[in-house]
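Enquirer: fold the following, please.
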Amino acid sequence: MTFEGQVFIWAVVGIPLIFCLGMTWREVNPKK
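Expert: Residues are numbered from 1 along each chain as shown. Down below sits the predicted model:
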């Protein structure tokens, strides 16, 4: 697999994962 292919897969998988983690963190740790 090429480096560009790995970056593309990491972007496709990582961005939704980070978004879900952010939403979960916001629910668990609401800002006061």
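Enquirer: list the contacts of stretch 15-22.
Expert: For stretch 15-22, contacts defined as C-beta atoms under 8 Å, 6 or more residues apart in numbering pick out no residues. From N, CA and C alone the C-beta is placed, and that goes for glycine too.
Enquirer: this protein: helices as residue ranges?
Expert: All helices of the chain, identified by DSSP state H, fall at 3-28.
Enquirer: shaky segments in it?
Expert: 32 (pLDDT under 70).
Enquirer: residues in contact with Glu4?
Expert: So, once contact is read as C-beta under 8 Å, 6+ apart, Glu4 ends up touching nothing.
Enquirer: quick one: it from Gly14, how far?
Expert: 15 Å (C-beta to C-beta, to the nearest Å).
Enquirer: run a quick neighbour tally on Trp10.
Expert: Counted with other C-beta atoms under 10 Å, the neighbours of Trp10 add up to 11.
Enquirer: scratch that, Val12
Expert: When neighbours are counted by other C-beta under 10 Å, Val12 comes out with 10.
Enquirer: please consider this matter closed, and thank you.
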